[in-house]
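In: Any chance you could fold what I've pasted below:
(chains A and B)
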Amino acid sequence: MTKKIQGLAISDGVGIGKAIVIIPQEIVINKGEILHSEVSSELERFENSIQHALDEIDHLIENYAYTKNNQNILKTHKMILKDPEFYEKIKKLIQENLYNLEQAVDQHFKGVIELFSKMDNEYMAERANDFKDVKNRLLSHITNQKLDQMINVCSENIVIMPEITPSEITSVFDKNIAGLITETGSKTAHSSILARSFGIPAVSGIANISKEIDDDSLVIVDGYKGEVIIEPDEQILKEYQAIVEKDKRDKGKLEKLIDQKVQTLDGKVIKLKCNVEIPEEMPQVQRVNADGIGLMRTEFIFLDKEELPDEDEQFNIYKKIVEKMGDREITIRTIDVGGDKLSKILNFTKEQNPNLGCRGIRVSLLYPEIFKVQIRAILRANKYGNIAVMFPMVSSIRELREAKKIVQECINELENENIEFDPNIKIGIMIEIPSAAINSDFFAKECDFFSIGTNDLIQYTLAVDRGNEHIHEYFQPLNPAVLNLINLTIENSHKNNITSAICGEMASERKFTEILIGMGIDELSVSPGQFLAVKDKILSINYKKAKKIAEQVLQAGNVEEIDKIISS
Amino acid sequence: MIRKKIKIENKLGLHARPATMIVKTATQYRSDCRLIKDDMDINGKSIMGVMMLAAEYGSEIELVTDGIDEEHLMNELVNLFKSKFNEE
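Out: Residues are numbered from 1 along each chain as shown, chains lettered A, B, ... in the order given. Below you'll find the predicted structure:
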């Protein structure tokens, strides 16, 4: 019987496949005793499993642990595995008690975990979790059971989980699964961002779904509509299979574009880069062969933190990202949150109107001590690659000058302190406030590039909150005022021999690509999941024709007329 | 063999980070290293042991190093404690 359940659409696409329900559970072990003659092989098994667990942790540190906190936790876990007392204890249990490895490890950790969880000190009691984690990791290698059961998952599967924990994220997205359903999770959750980057259809927000679906039942995930269909009848299945087939054909065509140069039919080269929200997206950025990162957000470093990440921690995060890109340019945007988002760290009074309040560069200039740490870390990481830095929410020249002054101060400091860094760094601004667009001729004389943030530019030009569903028809990317500000910005940048990029959502929508190129945009930066689709569009555009269309559009006085021109 | 008593001066006590710093230091030397607090006597090269001490701010522990590089090791350990594990 077909059963439809409505959830939250997380990531576009349709997946059809056999369900695998993944509920975290204890690893099953066969406890027992061994013969004297088996002691040495049991010890060998012990040493091998430790090595495998250590290798796995190294892999996690290298590829997925970007923050110092996560790295430290994993390093402590390594130390637990290398603990000489631990080794001796297990060895003794095997040699003297003739326990098999499973029983020895289980018994040892049971004792340790109990000891820690009983401690008065709440912090130390929580450390029991570290030992639990190490125990499970080790046992998973000993018994060849994958911790998260992802080992049995293949690309034909729809994976259903109550939620995705950070340590599971890697294995989920390594597998290229057909679809993902979770009980909890929002559009902005890390796993959701990754689902979109990796192009995996995903639906979330369905309570108890892991109990409602049985393993091996046929499931459809409709990431466009946010629907889950369990045991579909033949007709529904056929409809969805047609969608999957079409998506697959389209995807296959796009994959062939990876090595092609990004240029229009008549040879105008466009730089096409990726927007990156969290570093875990990097494998996708590398896979699609992007010309660089046009917008590296840095909010993930600051949000939800009890204390500010220090310079070394930030430096290591940037360095790790930069090294993955070789000499391709990475544009790092300095912290772009409202002061309210840092309330755990700063004493910040609530604002009446945060969108027009202290956010973006205003926060950085209000707290130069925080800003400086970030700038110094960026300058140090620049030694390892090709970084450009840009400031968000700039509304007048004064802010740009002050921010640049602070960059210069950081350069002088680093020089005096004899710390390795690279002072050659391009400095640009986001154009997302109308005043910056209108004054772009002046700004262009004092910075190295523009990056147009269309989401905020539309919001501030048309005075419309994008998140407010009641007025969404007022949010008009094609409003002549918006298009003229974009065009003015591009014109002024070229007049002053600097470049203009677009990193807002308009860059990701194929509908707008032709007029943006027609207006002369130099760079587009899009989410990794949209990259190849936009590339495909660029390859089909004739620049001369696009220019004419842009000219026509800029003469038009209303959205309807513009819509007609671009869809004809 | 060298013995030295030392007070824990960092506010958070010997939590995970200081514990890893002690173990990291101790394992770089060939000498044996023990930490003694109340009736607990643990191997300074064992993260499990050092964390189990759960030594809090203000408590006193005894450091024991024994071996060919015992002096160097003791100095480094004392420096770690004195620097409050670079936390404050």
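In: okay, CA-based contacts and neighbour counts for the rest of this
Out: OK.
In: center of chain A - which residue?
Out: The centroid of chain A falls nearest to A:Ile278 when counting by Cα atoms, centre = their mean (3.1 Å).
In: Repeat that for chain B.
Out: Using Cα atoms, centre = their mean, the most central residue of chain B is B:Ile22, at 5.3 Å.
In: so which helix or strand takes in that residue?
Out: helix B:16-26 (DSSP states H and E).
In: can you pull the alpha-carbon coordinates of that helix into PDB?
Out: Extracted in PDB, the C-alpha atoms of helix B:16-26 (Å, rounded to 0.1, in the frame of the first residue of the first chain):
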ATOM      1  CA  ALA B  16      41.600  16.600  29.200                       C
ATOM      2  CA  ARG B  17      43.900  19.100  27.600                       C
ATOM      3  CA  PRO B  18      46.400  19.500  30.500                       C
ATOM      4  CA  ALA B  19      46.300  15.700  30.900                       C
ATOM      5  CA  THR B  20      47.300  15.200  27.200                       C
ATOM      6  CA  MET B  21      50.100  17.800  27.600                       C
ATOM      7  CA  ILE B  22      51.500  15.800  30.600                       C
ATOM      8  CA  VAL B  23      51.300  12.500  28.700                       C
ATOM      9  CA  LYS B  24      52.800  14.000  25.600                       C
ATOM     10  CA  THR B  25      55.700  15.400  27.600                       C
ATOM     11  CA  ALA B  26      56.200  12.200  29.600                       C
END
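In: Would it count as contacting chain A?
Out: Yes. Counting by Cα under 8 Å from any Cα of the partner chain, chain A is contacted by helix B:16-26 at B:Ala16, B:Arg17, B:Thr20.
In: For the last one, list the residues it contacts.
Out: Think B:Thr20. A:Thr76, A:Met79, B:Ile47 (Cα atoms under 8 Å, 6 or more residues apart in numbering or on different chains).
In: you'd agree A:Leu524 is in a strand?
Out: Yes. Assignment of A:Leu524 by DSSP: H, G, I helix; E, B strand; the rest coil places it within a strand.
In: neighbours around it, how many?
Out: Close neighbours of A:Leu524, defined as other Cα atoms under 10 Å in any protein chain shown, add up to 29.
In: what does chain A put close to chain B?
Out: Near chain B, when you scan chain A using Cα under 8 Å from any Cα, you find A:Asn72, A:Thr76, A:Met79, A:Ile80, A:Asp83, A:Pro84, A:Glu85, A:Phe86, A:Phe116, A:Asn121, A:Tyr123, A:Met124.
In: Looking at these, which is nearest chain B?
Out: A:Asp83 (5.0 Å; Cα to the nearest Cα).
In: re the thing from before, which one (most neighbours) among the contacts of B:Thr20?
Out: Highest count within the contacts of B:Thr20 by other Cα under 10 Å belongs to B:Ile47, 28 neighbours.
In: tell me the pLDDT at that one?
Out: Looking at B:Ile47, its pLDDT reads 93.
In: Going along the chain, name the helices of chain B.
Out: Secondary structure of chain B (DSSP state H): helices at B:16-26, B:47-53, B:70-82.
In: Let me have the ones you listed in TSV, adding distance to A:Glu42 as columns.
Out: Formatted as TSV, the helices of chain B follow (distance: least, Cα to Cα, whole Å):
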stretch	distance to A:Glu42
helix B:16-26	28
helix B:47-53	23
helix B:70-82	35
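In: quick one, which of those helices is packed in tightest?
Out: Greatest average neighbour count among these goes to helix B:47-53 (a mean of 23), per mean count of other Cα atoms under 10 Å in any protein chain shown.
In: Enumerate the residues of chain B near chain A.
Out: Residues of chain B lying near chain A (Cα under 8 Å from any Cα): B:His15, B:Ala16, B:Arg17, B:Thr20, B:Asn43, B:Lys45, B:Ser46, B:Ile47, B:Met48, B:Met51, B:Met52, B:Ala54.
In: Show me which of the residues you listed is closest to chain A.
Out: Using Cα to the nearest Cα, the shortest approach to chain A within the residues of chain B next to chain A belongs to B:Ser46, at 5.0 Å.
In: I'd like to know how many residues surround that closest one.
Out: 28.
In: ok, for it, nearest residue in space, not its chain neighbours?
Out: Nearest residue to B:Ser46, sequence neighbours excluded (Cα to Cα, 6 or more residues apart in numbering or on different chains): A:Asp83, at 5.0 Å.
In: Who are the contact partners of the one you found?
Out: B:Lys45, B:Ser46, B:Ile47, B:Met48.
In: From what I see, the first one and B:Val23 are in contact.
Out: Yes. Because the distance of 4.8 Å satisfies Cα atoms under 8 Å, B:Lys45 is recorded as touching B:Val23.
In: got the end-to-end distance for stretch A:458-476?
Out: End-to-end distance for stretch A:458-476, by Cα to Cα, to the nearest Å: 7 Å.
In: what's next to it, contact-wise?
Out: Taking Cα under 8 Å, 6+ apart as the rule, stretch A:458-476 contacts A:Glu432, A:Ile433, A:Pro434, A:Asn455, A:Pro477, A:Ala481, A:Val482, A:Val559.
In: cool, and stretch A:223-232?
Out: A:1-14, A:201-204, A:213, A:217-222.
In: how long is it from one end to the other?
Out: 16 Å.
In: average model confidence for it?
Out: 94.
In: before we move on, which element is A:Ala388 in?
Out: In the assignment (DSSP H and E), A:Ala388 maps to strand A:386-391.
In: B:Asp39 - how many residues pack around it?
Out: Neighbour tally, B:Asp39, other Cα under 10 Å: 7.
In: quick one, phi psi at it?
Out: phi -100, psi 10 (degrees, to the nearest 10).
In: all helices for the stretch 1-150 of chain A, in order.
Out: Along the stretch 1-150 of chain A, the segments classed as helices by DSSP state H, counting those that start in this stretch run A:39-63, A:68-81, A:84-95, A:101-117, A:122-126, A:128-142.
In: Now the first one: buried residues?
Out: Within helix A:39-63, the residues that count as buried by 16 or more other Cα atoms under 10 Å in any protein chain shown are A:39, A:42-43, A:46, A:49-51, A:53-54, A:57-58, A:60-61.
In: just to revisit the earlier point, can you put the contacts of B:Thr20 in CSV and add distance to A:Phe421?
Out: Below are those laid out as CSV (distance: Cα to Cα, whole Å):
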residue, distance to A:Phe421
A:Thr76, 30
A:Met79, 32
B:Ile47, 36
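In: Kindly indicate which of the residues you listed lies nearest A:Asn289.
Out: A:Thr76 (35.6 Å; Cα to Cα).
In: who touches the closest one in this structure?
Out: Taking Cα under 8 Å, 6+ apart as the test, what A:Thr76 contacts is B:Ala16, B:Thr20.
In: Would you quantify the distance from it to A:Ser186?
Out: Noted for A:Thr76: a distance of 31 Å to A:Ser186, by Cα to Cα.
In: A:Glu523 now?
Out: 30 Å.
In: The two: which is more packed in?
Out: Each of A:Glu523 and A:Ser186 has its neighbours counted (other Cα under 10 Å); A:Glu523 has more, 23 against 17.
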